[in-house]
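next input, structure requested:
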Amino acid sequence: MSPGRIYRLGAVLIMGFASGLPLALTGQALQAWLTVDGVNFATIGFFGLVGVPYTFKFLWAPLMDRFEPPWLGRRRGWLVLTQLALAATLFVMSELSPSARPMLFAQWAVLLAFLSASQDVVVDAYRADLLTDKVEHGPGASLHVFGYRLAMILSGGIALIWADQWQSWPRVYWSMGLIMAATAAISLFLLPRVRSESLPPTSDAKSEVAGFAAMVVGVFAGYYIARFVLQVFGLEPESANHWVQLLFVMAEIAAAAPLAWWFARLARFETLNASLRSYFAQPGAALFLLLIVLYKLGDAFAGSLTTAFLIKGLGFAQTEVGIANKIIGIWLTIFGAFAGGALMMRLRLYRALLLFGVLQLVSNFGFYLIAVLGKGAWGSVAVPAFDWVIVSLREPAALDFLLMAVVAAENVTGGMGTVALVALLMSLCNHKFTATHYALLSALAAVGRIYVSPVAGVLTESIGWEAFYLFSVLVALPGVLMVRWMRQPLLALAGTAEAR
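Model (predicted):
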């Protein structure tokens, strides 16, 4: 392998780590913090909506395609700015209490998700612009997932052990802020610039800013219109009924998205409009969007409340969950990602998506099994005390064997499915609008992970954990069937990507 290729793939690995670090801090780690504070399952589920910016990032991605921060370069400049802002936000959150000031805490968590989603826009575009050779797509996707999951071991696994040992989630978030600041320094001094042919689209700067402002107005208009309509029908957003609360949230989001797009068109937000036209000019563009939403939906349902389920539902300690579900589990995801990347060098995209999708579906039965049998059903294995400098276990601990088996199956298959999905997204991007295209596609891939959470919280209170995990298996089926149905478009897409 040439030094240039090693350098490029190394940069992808580092940016994968930077991308993965804040995700757990708006998801599983945040969920653990709320759980130990005694928050109920439905409210924890609603807190999952702080990740909504991940599903709308394609709306501001055009600005990151169009504008280039001075001196730092087109992609690298945005990376440094977003990473420094992420570090600052984590420092502020470390000074807040979710139980004492829940609304203020939620607002800062939304800002963290917004900045994390913005960083993802640039990381994804940077990777697609950097890896121009199709041969690098499979290894590049694997290394991205590897770095991403390494970061999640830190922020989603080791963080739980730190929180247990330090008895302080604020200290954990402050430490993560320091790590995020270090990634900004790496981005500034070590990352290669993207190829010179990847130039920003040309358009009037004032029109772009005005278009973005109009889009924001559309978001707020949709939000207030939805609330007004539901209140006309006698419903109240502060209702004690969690299903009514869920209806308000979903209606507000459903109204905000189309109005934002319509206002953007009226105001001639040209980079957004041109990039969307470019994507939808591809054959089967809408079907690919639906496939992206459905492919990881069952996986999202099964994993939406895993931390709360294990800690509060089954009584596992934070350290045990951190070791099993996060540290060991994420290493297994990394193994799955590398196995998926290796298999994709032999399999076509279609076969990989189909095989890995079936494996993801089957693995969801594991959570049903542990919900039925409970903690300790298969015994436990001893974990010796250790000291790895950044994390330690002072005394030997027992690790539930059934939990380990379920975590192993879910994470290996999930890693394989993620690699196949990343390869699909990269194949659908046009390099002129990489940031917007990849943001649109990856935003849709995150739809399940974000919007499933409040539904899952209310659903588990209504039907129980066993029925919920069986439901997650059924939800995974349409994605697998759609891959089979789209065999010819997927085979054609692989041929098109090879010709690019």
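
just the strands in the stretch 201-350 of the chain please.
For the stretch 201-350 of the chain, strands defined by DSSP state E, counting those that start in this stretch do not occur.

so where's the stretch 151-300 of the chain uncertain?
For the stretch 151-300 of the chain, the stretches flagged by pLDDT under 70 are 194-205, 270-271.

domain parsing for the protein?
Annotated domains of the chain cover 3-192+269-499, 205-268 [automatic domain parsing].

single out the most deeply packed of those.
Among the domains of the chain, ranked by average contacts under mean count of other Cβ atoms under 10 Å, first place goes to domain 3-192+269-499 (a mean of 20). Where you see a C-beta, it was placed from the backbone N, CA and C, and this is true even at glycine.

so how far is it from its chain's centroid?
4 Å (Cα atoms, centre = their mean, to the nearest Å).

how about the contacts made by the residue nearest to Val455 when sequence neighbours are not counted?
Ranked by Cβ to Cβ, 6 or more residues apart in numbering and with sequence neighbours excluded, the top spatial neighbour of Val455 is Leu246, at 6.8 Å. Contact analysis of Leu246 by Cβ atoms under 8 Å, 6 or more residues apart in numbering lists 46, 454-455, 458.

okay, among those, which ones form the most distant pair?
The most widely separated members of the contacts of Leu246 are Phe46 and Val455, with 10.2 Å between them, by Cβ to Cβ.

who are the packing partners of the helix or strand harbouring Gln119?
In this structure, Gln119 sits in helix 102-130 according to DSSP states H and E. Applying 3 or more Cβ pairs under 8 Å, 6 or more residues apart in numbering; DSSP states H and E, we find helix 102-130 packed against helix 3-25, helix 53-56, helix 61-66, helix 74-93, helix 401-427, helix 434-445.

turn those into TSV, including mean pLDDT and distance to Leu178.
Below are those laid out as TSV (pLDDT from 0 to 100; distance: least, Cβ to Cβ, whole Å):
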stretch	mean pLDDT	distance to Leu178
helix 3-25	84	11
helix 53-56	79	23
helix 61-66	74	25
helix 74-93	90	7
helix 401-427	85	27
helix 434-445	73	27
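
closest to Ile323 out of those helices?
Using Cβ to Cβ, those put helix 401-427 closest to Ile323, at 9.5 Å.

follow-up on the earlier one: looking at the helices and strands packed on helix 102-130, spot the one closest to Gly211.
Distance to Gly211, taken as Cβ to Cβ, is lowest for helix 61-66 among those, at 8.3 Å.

what is that closest one packed up against?
helix 102-130, helix 205-232, helix 270-280, helix 434-445.

could those helices go into TSV alongside distance to Gln28?
Converted to TSV, the helices and strands packed on helix 61-66 look like this (distance: least, Cβ to Cβ, whole Å):
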stretch	distance to Gln28
helix 102-130	13
helix 205-232	27
helix 270-280	31
helix 434-445	18
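
show me the one of those that comes nearest Tyr295.
That would be helix 434-445 among the helices and strands packed on helix 61-66, by Cβ to Cβ, at 7.5 Å.

how near is the residue nearest the centre of the chain to Gly147?
In the chain, the centroid-proximal residue (Cα atoms, centre = their mean) is Ala446; its distance is 5.6 Å. Look at Ala446 and Gly147: by Cβ to Cβ, to the nearest Å, they are 18 Å apart.

and Met176, by the same measure?
The gap separating Met176 from Gly147 is 16 Å, by Cβ to Cβ.

all helices of the stretch 151-300 of the chain, in order?
Using DSSP state H, counting those that start in this stretch, the helices found in the stretch 151-300 of the chain span residues 159-166, 169-190, 205-232, 242-266, 270-280, 285-295, 297-303.

wait, which of the ones you listed is closest to Ala337?
helix 297-303 (13.9 Å).

once you drop chain neighbours, what's closest to Phe401?
Nearest to Phe401 is Trp378, by Cβ to Cβ, 6+ apart, at 4.3 Å.

so that neighbour lies in a strand, does it not?
No - checked against DSSP: H, G, I helix; E, B strand; the rest coil, Trp378 lies outside a strand; its state is coil.

wait, doesn't it sit right on Asp400?
Yes - Trp378 is within contact range of Asp400, at 7.4 Å (criterion: Cβ atoms under 8 Å).

ok so, going back, excluding chain neighbours, what is closest to the residue nearest to the centre of the chain?
Nearest to Ala446 is Tyr54, by Cβ to Cβ, 6+ apart, at 4.3 Å.

return the distance of the one you found relative to Leu112.
Distance of Tyr54 to Leu112, computed by Cβ to Cβ: 11 Å.

how far away is Leu314 from Met344?
Look at Leu314 and Met344: by Cβ to Cβ, they are 35 Å apart.

I meant Glu410, not that one.
As judged by Cβ to Cβ, Glu410 and Met344 stand 20 Å apart.

next one: Gln245
On the measure of Cβ to Cβ, Gln245 and Met344 end up 42 Å apart.

before we move on, what about Phe105?
Noted for Phe105: a distance of 41 Å to Met344, by Cβ to Cβ.

and if you look at Phe301?
In this structure, Phe301 and Met344 are 25 Å apart, going by Cβ to Cβ.

hmm, back to that, TSV for the helices of the stretch 151-300 of the chain, including distance to Gln83?
Below are these laid out as TSV (distance: least, Cβ to Cβ, whole Å):
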stretch	distance to Gln83
helix 159-166	18
helix 169-190	4
helix 205-232	22
helix 242-266	26
helix 270-280	23
helix 285-295	27
helix 297-303	26
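
tell me which of these lies nearest to Leu393.
helix 159-166 (7.3 Å).

ok, and what's touching the closest one?
24-25, 29, 32-33, 36, 169, 171-172, 175-176, 317-319, 321-323, 326-327, 391-394.

next, the angle helix 169-190 makes with it.
Orientation of helix 159-166 against helix 169-190 (axes from the mean of the first three to the mean of the last three Cα atoms, to 10 degrees) gives an angle of 130 degrees.

CA atoms of the host helix or strand of Leu353 as PDB?
Leu353 is part of helix 349-363, with elements assigned from DSSP H and E. Taking C-alpha atoms only, helix 349-363 is exported to PDB below (Å, rounded to 0.1, in the frame of the first residue of the first chain):
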ATOM      1  CA  LEU A 349     -23.000  -4.100  -2.600                       C
ATOM      2  CA  TYR A 350     -26.300  -5.800  -3.100                       C
ATOM      3  CA  ARG A 351     -25.200  -9.100  -1.600                       C
ATOM      4  CA  ALA A 352     -23.600  -7.400   1.300                       C
ATOM      5  CA  LEU A 353     -26.700  -5.300   2.100                       C
ATOM      6  CA  LEU A 354     -28.900  -8.400   1.900                       C
ATOM      7  CA  LEU A 355     -26.700 -10.700   4.000                       C
ATOM      8  CA  PHE A 356     -25.900  -8.200   6.700                       C
ATOM      9  CA  GLY A 357     -29.500  -7.000   6.900                       C
ATOM     10  CA  VAL A 358     -30.700 -10.600   7.600                       C
ATOM     11  CA  LEU A 359     -28.100 -11.000  10.300                       C
ATOM     12  CA  GLN A 360     -29.100  -7.700  11.900                       C
ATOM     13  CA  LEU A 361     -32.800  -8.900  12.000                       C
ATOM     14  CA  VAL A 362     -31.900 -12.300  13.600                       C
ATOM     15  CA  SER A 363     -29.700 -10.600  16.300                       C
END
